[in-house]
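Trainee: Here is my input, please return the structure:
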Amino acid sequence: MSDKPQPAVVAGSKKPDLAHADIGLVAALAIETSTFLERCEKVKKYTASGLTFRGGRYDKIKIACVDGGMGFAKARAATHAMIQTHTPRWILSVGFSGALAPDIKCGDIVMANAIADTHGQELFVDLKMAANPKSGLHVGKILTVDHIVRTVTEKQELGARYGAIAVDLESLAVAQVCRDEKVRFMAIRVISDDLAADLPPEILSVVGATGAVRIGAALSAVWKRPGSVTDMWKLREKALQAAKRLATFLDGVVLQLDAAD
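Mentor: Residues are numbered from 1 along each chain as shown. Just a heads-up that it's a prediction; the model follows:
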């Protein structure tokens with residue numbers, strides 16, 4: 001008899017619970033996971049409680065993804081909703097991240113063996129994977145903060161103070177919910193901005209809490225600094241390339257997690 005968990009069954013019914021997923025992805029923005037979901041079959045999308053869920057089959061593995069929006073509170077809510085709705089065996093906090101170490105470049109992958117914040121909270125992740133910097137894979141602490149870290153100077157200061165190699169806005173929130181709900185967890189982040197240059201200042205006003213572009217703010221930015229159009233376009237292209245890199249890495253991860261169960 002197989003040791004693999006069987007599909008959940010709805011009470012009073014012999015039919016499998018079709019909402020059940022093997023692996024749940026919690027992301028802030030649709031752009032972060034869209035490339036990976038393009039590799040899945042029978043992808044469906046629905047909205048519930050202000051959250052957008054998408055999912056399909058990767059080979060025979062059931063994948064569910066929630067786009068929760070940016071920030072700690074939104075990530076907690078999205079993770080709770082994922083667990084309640086799709087009961088995944090694994091939850092992965094995935095998406096874009098900023099590098100805090102000079103040897104980590106755009107497109108590199110960071111996997112967390114610890115996640116901390118600036119308020120003294122820290123969780124350790126039981127990650128049995130070795131780093132391979134030559135191939136762009138790094139393992140270390142991810143720092144979750146409450147604002148977009150825009151400048152190289154601030155990134156360097158955060159890296160030195162907290163011993164972290166990457167920064168995001170959501171991973172600790174996802175990890176805490178998974179710990180409390182006893183769901184297995186990983187944080188996998190792709191670097192979309194490194195220490196080569198500051199992010200354009202307009203990003204703080206143009207990008208809303210959900211990652212959607214605020215049209216009024218964008219027009220105002222162009223009026224004040226015409227060069228912001230070029231900067232924001234370059235940032236978008238980096239994000240698209242990062243999403244492709246993340247999708248390729250997730251190809252291997254989901255197969256390994258499924259095989260290990």
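
Trainee: Tell me which helix or strand V174 sits in.
Mentor: Element membership for V174 (DSSP states H and E) is helix 171-181.

Trainee: Just the buried residues of that helix, please?
Mentor: Applying a neighbour-count criterion of 16 or more other CB atoms under 10 Å, one finds S171, L172, A173, V174, A175, Q176, V177, C178 buried in helix 171-181. For the C-beta atoms, the positions are set from N, CA and C on the backbone; glycine is no exception.

Trainee: who are the neighbours in contact with the closest residue in space to A30 that isn't next to it in sequence?
Mentor: Take A30 and drop its neighbours on the chain: the residue closest to it by CB to CB, 6 or more residues apart in numbering is D67, 4.9 Å away. Residues near D67 by CB atoms under 8 Å, 6 or more residues apart in numbering: A27, A28, L29, A30, T33, L51, T52, F53, R54, A78, T210.

Trainee: got the contact list for Q156?
Mentor: L100, L195.

Trainee: on that earlier part again, what's the helix holding V174 in contact with?
Mentor: By CB under 8 Å, 6+ apart, the surrounding residues in contact with helix 171-181 are 26, 72-73, 75-76, 78-80, 83, 91, 93, 112, 115-117, 121, 123, 125, 142, 144, 183-185, 187, 189.

Trainee: Which SSE is immediately downstream of that helix?
Mentor: strand 184-193.

Trainee: Compute the inter-axis angle for that following strand and helix 171-181.
Mentor: What separates the directions of strand 184-193 and helix 171-181 is an angle of 180 degrees, with axes from the mean of the first three to the mean of the last three CA atoms, to 10 degrees.

Trainee: Would you indicate which residues of strand 184-193 are buried?
Mentor: Buried-residue list, strand 184-193, by 16+ other CB under 10 Å: F185, M186, A187, I188, R189, V190, I191, S192, D193.
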